[in-house]
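Q: Below are the sequence and a predicted model for it; my questions follow.
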Amino acid sequence: MHPNLRTLSDEYIKKETMSYPNKQILDTFTEETLPDLDVVTLGALELLGGAALPNIDTLLSKRTLVVGSGNAGVTGRIIFDGVKALHADEGTYKQILSTAKESLDSAVLISASGGKHAVEIAEELKRSGLMVHLMTTNSKAEAAVFVDKDRWYTFPKNREPYTYNTSTYMSMLLAKTGESPAAILAFLMEDTARRLPDTLGQYDAFYCIIPPEFAAMREMFTTKFDELFGAKVSGRVFTYEQTKHAKTVVPGDNECFISFGAENTTFGIPGCRVHVPLPREVGCVGMMAVAYYTIGQIQKQHPPYYRDNIQNYTREASKLFGSIITPVVE
């Protein structure tokens, strides 16, 4: 735990988690009152503080093809880091099946919804003859018809705006790390919330510096900038060492540098730097929570770009995927 944060007592953790104020917001919001990412992050921690998670240990002992799109793919790379696994997305898994199937024992498909691309991927994986496992948060996942019931891992999730996928992948990561959601929640309230300035809305570009051990999560965080802001607010994410390599050749007067963990005293304009500490023994769930909460605060201090556009987007996405997609994922 960060030295500037007082020791969390059991009484404090209980007080902060038992009322579940953010989860209540998630249970009741409408398309007109879509919550920001910080609220969704706090609600995920409230949910997971007392949730039962599937045991995924047996999945980590096989020679596995792990398939996931977007942040599902990032989640898979983190969970299966250090074990015998090949990784693919919806565009590359067929190539791996054609060249490396004989060296594989099984396949793991990771999809929060278990729909869209996941259905055809699951069907193709089953056709290949591999033992197929599905990690999802949807108890009615369409892809599950191609998976034996005892190989179907359903994780808890909250009701969230479309694309947020916070409780979904956080619950999967938590099954790997075993971190304390209650302690992370308290850290956000006691430390992170007090450090983030109310001037984030004046920037239209953000550069996030993360610890090297979380380099695999870069895509997860840049995806959130893409989803919430599009071209309105840019977000770049690199480690400190990566930042040394020509990432700051062209300086931006309106770019805010946010350093997670170690303080940045080198890059960006001194007055445009924000330091966001991490818990001393942080894992990927803690890193995800602190970064998502911070991005949620950026979202709060800018116009509601996501809220103003998500209804039109989901109408078009429904046509694109041939299924009904709504701004609220129940």
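A: Noted; the coordinates are in hand.
Q: For the rest of this, base every contact and every neighbour count on C-alpha atoms.
A: Fine.
Q: and stretch 200-208, average pLDDT?
A: For stretch 200-208, mean pLDDT rounds to 98.
Q: what do you get for stretch 318-330?
A: Mean predicted confidence for stretch 318-330 is 91.
Q: ok, which stretches of the chain are helices?
A: 10-18, 21-28, 37-48, 71-79, 93-100, 117-127, 166-177, 181-187, 193-195, 218-229, 240-243, 284-300, 305-321 (DSSP state H).
Q: Between these, which one is closest to R151.
A: R151 lies closest to helix 117-127 among the helices of the chain, at 12.2 Å (Cα to Cα).
Q: Direction-wise, compare the closest one with helix 305-321 and give the angle.
A: Angle, helix 117-127 to helix 305-321, by axes from the mean of the first three to the mean of the last three Cα atoms, to 10 degrees: 40 degrees.
Q: for A175, what are its contacts?
A: 53-56 (Cα atoms under 8 Å, 6 or more residues apart in numbering).
Q: Identify, from those residues, the entry nearest to A183.
A: Closest approach to A183 among the contacts of A175 (Cα to Cα): L53, at 17.7 Å.
Q: quick one: contacts for that closest one?
A: 155-156, 171, 175.
Q: tell me the two of those that are most distant?
A: Among these, P156 and A175 lie farthest apart (Cα to Cα), at 10.9 Å.
Q: sorry, back to before: ok, of the contacts of A175, which come out buried?
A: 53-54 (16 or more other Cα atoms under 10 Å).
Q: Nearest to E227, out of the contacts of A175: which one, please.
A: Scanning the contacts of A175 for proximity to E227, where the rule is Cα to Cα, the winner is L53, at 27.6 Å.
Q: Output the below-cut-off pLDDT ranges for the chain.
A: 1-19 (pLDDT under 70).
Q: What number of residues are in the vicinity of A231?
A: 11 (other Cα atoms under 10 Å).
Q: Okay, it and T28: tell me how far apart.
A: Going from A231 to T28 by Cα to Cα, to the nearest Å gives 30 Å.
Q: next one: G70
A: On the measure of Cα to Cα, G70 and T28 end up 28 Å apart.
Q: Neighbour count for the two, which is higher?
A: Remark: of G70 and T28, G70 carries more neighbours, 13 against 10, as counted by other Cα under 10 Å.
Q: mind listing what the more buried one touches?
A: Counting by Cα under 8 Å, 6+ apart, G70 touches 89, 220, 223.
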